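Visitor: Provide a 3D model corresponding to the input given below.
(chains A and B)
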Amino acid sequence: MKRLMIALASATALLASSAMAQEKIKIGAAPYGLNAEFMQIWAAALQEHPAVKSGEVELTVFDGRYDALVQQDQFKTMATQKYNAIIFAPIDVDAGAAAVQTAADAGIPVIGSNTRVNSDLLTSYVGSDDTISGYMEAKTVLDKIGCKGNVVILEGPIGQSAQISRLEGNKKALAECPDVKILEDQTANWSRAEAQTLMENWLTAHPNQINGVIGQNDEMALGAIEAIKAAGLDLKSFTIAGIDGITDALHAVKAGEMTSILQDARAQAQGALDLAIFAAKKGDYKPQSDIWATYKDMPWKDGKEKIYNVPWTPVTAENVDQLLATRK
Amino acid sequence: MPSRSSIYQPEEGKGVRSMAEESVMSVGDNKSANGWFGSEQRRLLIQEYGIFLAFVILVAVLSVSNEFFLTAGNISNVLLQTSINGVLAIGMTFVILTRGIDLSVGSVVALAGIVSASFVTSSATAGISGAPYPVALGLGIGLLVGIACGAVSGVIVSRFSVPAFVATLGMLSAARGMTLIYGGGRPVPALTPAFRWIGTGNILGIPAPVVILAVVFAVSWWILNRTRFGRYIYAVGGNPHAARTSGINITRTQFAVYVISGSLAGLAGMLLSARTGSALPQAGIAYELDAIAAVVIGGTSLSGGVGRVTGTLIGALIIGVMNNGLDLMGIQSYYQQVLKGALIVGAVMLDQKRNYGA
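Guide: Have a look, this model is predicted:
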């Protein structure tokens, strides 16, 4: 939040002396909201991009406050102020399209990042395919319980694109194990506290029957862990999986309580910024972030691709310490 | 108690509302009353009995339809799951009795949770320097944060005559913002086992949050039914003009109820973080709505002066039992929301009937 205020203040200052800033490329980043850890890592990664640090790019981050309308208004502001490119993580797949249209009308290229938008006008998109992570986490759970027994699924808010895609992935893996029964399947709205209550009640309703917990994000998996602990049950008799690789989950993976899959916010942010600069400079640009070297499976391809899929990285006992070190 | 009843001397012309309030007192005090009071008293009893009856029916239906509902483990679960909303709802009862409302409790839950957690975390990075401190300090800080938020709302409402809805709406936004500033939007994990005990511990086999709820309830019942301050609260909410002419310090009474609500929100915030093991900046969103729902289902009138903390406790239990029961039966949470909505509206319809109907 502090960082955002500084960014906004500097944007205002920049506006006041726009003549001086002619040389700089003005890029706006419009994430859906900055309250949760993932988007904070995402926004921080943008500020740490070499082009921002060197002053080549003037970056402003707009907090979308989880409101499609707020995001649309921010796009109008950026259009008025003649930004050179916009990085966009919309709150909603369909509502985001209107914002992209606004930018297109003003001739500003828009790079999608993290969340998808239903629009042909997007220059390119850098994100991770949630269907894959949904499949991966369910597969981990099913492999560990030997493709038999009972599982429960903690879903995200119904209708959100991540929930839809991750469920699709979950179901694909579950279809490979027809003997596994889904005992319960409900939303806990990405919330740890809600998942904890739900799991407490499920443990009562299905005593000694739940073998696996598929949490569509880490928060909910962590809530399930607390419920199991509170019920005095042995965590070892459960296989629990989450997605995202938030800091608390990394600690839980390290303690052997769950598995998680890292969604690389840094790569999604810096990749999108490289593509935004590329679009703003009309192709006269070489990517500066080190993420292109890290992910061999996601080649730069001269910035021509429509979709860049940042690979998911399973968090393991081997890489967890290294990941924790990046979280300070 | 002659000194207390002397407050109610200038009672003629106060209207039905303060009569009802008086009858609440007499129910609480078990005093005999004349015929008119008697019928009002009976009506109130029926209403409260009605809520209790609804609760009993709900429990009976769930006991029959699910074999696990009436097990010791599940009863303990329901009480545990009700404890946080129960604590918030009791604080809310004080405020609503004075014709006020406290919309800020959900945000105060998050702020108190994260500030107190930063004192009792063993994480090297998330806490303040020197953490973890003794659990008593963490608890004290959390309560102080709640009291401070309540005091600010209280001053704005009582001194500056800003409508409670607006004042606490402001606090809802401000406290959430302060939560994000304080913690940089990050959760505070790894709370010490001593602190987590208030959320996960047991006292004679009863979960600690349930014991805390019981204590909060008992103290609140005593304040509202057995102290002069409690009578002031009913009087201020029932008829502020009459209360003023009888020499009640309205400003101080109003201020005090927001402090009570704030401190209980602080307590609830710590219970929540102790239960989840980590203080989250997104915690407590929309908790004020469940608290208000419990108060309203419990029969407290949003127009002040009428209501009982016992009703609030039953209201909170009804919400808790319903959520738990529907979870046990594997019914989607959306139905729980619809049912809760119906309950709230139904309870207010009863309230309207009592106040304006025959």
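Visitor: Centre of the chain to stretch A:133-146, how far?
Guide: 20 Å (CA atoms, centre = their mean, to the nearest Å).
Visitor: Average pLDDT for that stretch, rounded please.
Guide: For stretch A:133-146, the mean per-residue pLDDT is 96.
Visitor: And for stretch A:306-319?
Guide: Stretch A:306-319 comes out at a mean pLDDT of 93.
Visitor: which parts of that stretch are buried?
Guide: Buried residues in stretch A:306-319, counting neighbours by 16 or more other CB atoms under 10 Å in any protein chain shown, are found at A:Tyr308, A:Val310, A:Trp312, A:Thr313, A:Pro314, A:Val315. Where C-beta positions appear, they are placed from N, C-alpha and C, glycine not excepted.
Visitor: mind checking the end-to-end distance for it?
Guide: Stretch A:306-319 has an end-to-end distance of 31 Å (CA to CA, to the nearest Å).
Visitor: mind checking pLDDT for residue 284?
Guide: Looking at chain A here, since you left the chain open. On pLDDT, A:Asp284 comes in at 89.
Visitor: sorry, should have said chain B
Guide: At B:Gly284, pLDDT is 92.
Visitor: Could you look up the SS state of it?
Guide: Secondary structure state of B:Gly284, per DSSP: H, G, I helix; E, B strand; the rest coil, is coil.
Visitor: Wait, it touches B:Ser104, no?
Guide: No. When contacts are counted by CB atoms under 8 Å, B:Gly284 is not listed as touching B:Ser104 (10.1 Å).
Visitor: closest point of chain B to chain A, which residue?
Guide: Per CB to the nearest CB, B:Asp327 is where chain B lies closest to chain A, at 3.6 Å.
Visitor: got any ranges where chain A has weak pLDDT?
Guide: A:1-22, A:328 (pLDDT under 70).
Visitor: for chain B, what are the nearby residues on it?
Guide: Residues of chain A lying close to chain B by CB under 8 Å from any CB of the partner chain are A:1-2, A:34-37, A:40, A:184, A:186-187, A:191-193, A:196-198, A:200-202, A:204-205, A:207, A:219, A:222-223, A:226, A:229-231, A:247-248, A:251, A:327-328.
Visitor: mind listing which of those are in strands?
Guide: With DSSP state E as the criterion, strands contain A:Glu184, A:Gln186, A:Thr187 from among the residues of chain A next to chain B.
Visitor: Quickly list what the last one is bridged to.
Guide: The bridge-partner assignment for A:Thr187, based on DSSP bridges, gives A:Glu155.
Visitor: returning to what we had before: in strands, which of the buried residues of stretch A:306-319 appear?
Guide: Counting by DSSP E, those place A:Tyr308, A:Thr313, A:Pro314, A:Val315 in strands.
Visitor: out of those, who's nearest chain B?
Guide: Checking those one by one against chain B (CB to the nearest CB), the nearest turns out to be A:Val315, at 15.9 Å.
Visitor: Would you mind reformatting the ones in strands among the residues of chain A next to chain B (as a markdown table) and adding columns for neighbour count while you're at it?
Guide: Rendered in a markdown table, the data for these read as follows (neighbours: other CB atoms under 10 Å in any protein chain shown):
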| residue | neighbour count |
| --- | --- |
| A:Glu184 | 19 |
| A:Gln186 | 21 |
| A:Thr187 | 23 |
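Visitor: Which other helices and strands does the host helix or strand of B:Ile96 contact?
Guide: Per DSSP states H and E: B:Ile96 is located in helix B:72-97. Counting contacts by 3 or more CB pairs under 8 Å, 6 or more residues apart in numbering or on different chains; DSSP states H and E, helix B:72-97 packs against helix A:192-205, helix B:105-117, strand B:206-207, helix B:208-226, helix B:228-238, helix B:250-276, helix B:287-297, helix B:309-328.
Visitor: Using neighbour counts, pick out the buried residues of that helix.
Guide: B:74, B:76-97.
Visitor: Over to stretch A:254-267?
Guide: Buried-residue list, stretch A:254-267, by 16+ other CB under 10 Å: A:Glu257, A:Met258, A:Thr259, A:Ser260, A:Ile261, A:Leu262, A:Gln263, A:Asp264, A:Ala265, A:Arg266, A:Ala267.
Visitor: now swap in stretch B:117-133 and tell me
Guide: In stretch B:117-133, counting by 16+ other CB under 10 Å, buried: B:Ala117, B:Ser118, B:Phe119, B:Val120, B:Thr121, B:Ser123, B:Ala126, B:Gly127, B:Ala131, B:Pro132, B:Tyr133.
Visitor: what residues does the stretch 201-350 of chain B put near chain A?
Guide: Residues of the stretch 201-350 of chain B lying near chain A (CB under 8 Å from any CB): B:272, B:275-278, B:280-283, B:323-324, B:327-330, B:332-333.
Visitor: Buried ones among those residues?
Guide: When these are checked for burial by 16+ other CB under 10 Å, the buried set is B:272, B:275-278, B:280-283, B:323-324, B:327-328, B:333.
Visitor: quick check, nearest of these to B:Phe69?
Guide: B:Leu328 (6.0 Å; CB to CB).
Visitor: so that closest one makes contact with B:Phe69?
Guide: Yes. Contact between B:Leu328 and B:Phe69 holds when scored by CB under 8 Å: they sit 6.0 Å apart.
Visitor: quick one: common contacting residues for these two?
Guide: B:Leu62 (CB atoms under 8 Å, 6 or more residues apart in numbering or on different chains).
Visitor: For the stretch 251-358 of chain B, give me the ranges with low pLDDT.
Guide: B:351-358.
Visitor: Other residues contacting stretch B:151-166?
Guide: B:95, B:99-104, B:167-168, B:170-171, B:250-252, B:254-259, B:262.
Visitor: first vs last residue of that stretch, how far apart are they?
Guide: Where stretch B:151-166 begins and where it ends lie 15 Å apart, using CA to CA.
Visitor: pLDDT (mean, whole number) over it?
Guide: 95.
Visitor: Identify the residues contacting the residue lying closest to A:Met258 once chain neighbours are set aside.
Guide: Counting by CB to CB, 6 or more residues apart in numbering or on different chains, A:Met258 lies nearest to A:Ile240, which is 4.2 Å off, once chain neighbours are set aside. Residues in contact with A:Ile240 (CB under 8 Å, 6+ apart) are A:Val141, A:Gly212, A:Val213, A:Gly215, A:Ala221, A:Ala224, A:Ile225, A:Glu257, A:Met258, A:Thr259.
Visitor: mind redoing it with 6 Å?
Guide: By CB atoms under 6 Å, 6 or more residues apart in numbering or on different chains, the residues touching A:Ile240 are A:Val213, A:Ala221, A:Ala224, A:Met258.
Visitor: how much space between the third one and B:Tyr182?
Guide: Shown here: A:Ala224 relative to B:Tyr182, a distance of 28 Å by CB to CB, to the nearest Å.
Visitor: who has more neighbours, these two?
Guide: A:Ala224 (31 against 18; other CB atoms under 10 Å in any protein chain shown).
Visitor: ok, that one touching A:Thr197?
Guide: No. Using CB atoms under 6 Å, A:Ala224 is not in contact with A:Thr197, being 10.6 Å away.
Visitor: Next up, the contacts around the residue in the stretch 201-328 of chain A that chain B sits nearest to.
Guide: With CB to the nearest CB, the shortest gap between the stretch 201-328 of chain A and chain B falls at A:Asn201, namely 3.6 Å. For A:Asn201, the contact set (CB under 6 Å, 6+ apart) comprises B:Asn324, B:Asp327, B:Leu328.
Visitor: Leaving out the residues flanking it, which one is nearest to it?
Guide: Nearest non-adjacent residue to A:Asn201 (CB to CB, 6+ apart): B:Asp327, at 3.6 Å.
Visitor: Find the residue closest to B:Pro209 in space, skipping its chain neighbours.
Guide: Nearest non-adjacent residue to B:Pro209 (CB to CB, 6+ apart): B:Ser83, at 3.7 Å.
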